[in-house]
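Colleague: could you look at this predicted model? Sequence included:
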Amino acid sequence: MSTLEKAIATYGKDMQLTVACEELSELIKEICKNIRGSDNVNSITEELADCYIMMDQIAIIFGIKICDIGAFIDEKLARLEKRMAEREKDPGENREEVWKKNLDRLINGEFGEYNTKDFGKCAETLARYWRAQAEADYPGANDNFDYFMSCIKERDK
Ligand SMILES: [Mg+2]
């Protein structure tokens, strides 16, 4: 049994998940302090160590394989690379311009029919719109996309 498996067996899953949340928030706190001008790279390093330890325990608790995390990491890094390459190609168009352009496209009906009387059609339009916003890294866009997709699923039941 590894040290981390032993810790989970000793303190219990709920306790270790709670500690994981605490450690993640300690890292957030140190990052915020740094942004406010604190010279605290040592503290950030220490909190990162705590978080790595807790992240390993989270994976053990939920039976998540390291290779599955790696697959997500590869996918997300490839997407990040692609976005940065696109940005390099067209540095004139920043994120906010893309968001605004998508809003204009939404108003002009380019994402499809936007008819508030037909909520199903409206949800399809908004799902397409939020998908485009997600491509432009709009905060929370994926959640909005998921929400409108769930509305469509509900309608099609
Ligand atoms: Mg800590």
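Modeller: That came through, no problem. Numbers count the residues shown, from 1 in each chain.
Colleague: leaving out the residues flanking it, which one is nearest to residue 38?
Modeller: residue 30 (8.0 Å; Cβ to Cβ, 6 or more residues apart in numbering). Placement of C-beta: from N, CA and C, glycine included.
Colleague: so which strand or helix has that neighbour?
Modeller: Taking DSSP states H and E as the criterion, residue 30 maps to helix 13-35.
Colleague: buried residues in that helix?
Modeller: Of all the residues in helix 13-35, those buried under the rule 16 or more other Cβ atoms under 10 Å are 16, 17, 19, 20, 23, 24, 26, 27, 30, 31.
Colleague: and for stretch 150-157?
Modeller: residue 151.
Colleague: pull that stretch out as PDB, backbone CA atoms only.
Modeller: Coordinates of each C-alpha in stretch 150-157 appear next as PDB, following Å, rounded to 0.1, in the frame of the first residue of the first chain:
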ATOM      1  CA  SER A 150     -29.900  19.700 -22.100                       C
ATOM      2  CA  CYS A 151     -32.900  21.800 -23.100                       C
ATOM      3  CA  ILE A 152     -32.800  20.300 -26.600                       C
ATOM      4  CA  LYS A 153     -32.500  16.700 -25.100                       C
ATOM      5  CA  GLU A 154     -35.400  17.400 -22.800                       C
ATOM      6  CA  ARG A 155     -37.500  18.600 -25.800                       C
ATOM      7  CA  ASP A 156     -36.600  15.600 -27.900                       C
ATOM      8  CA  LYS A 157     -37.500  13.100 -25.200                       C
END
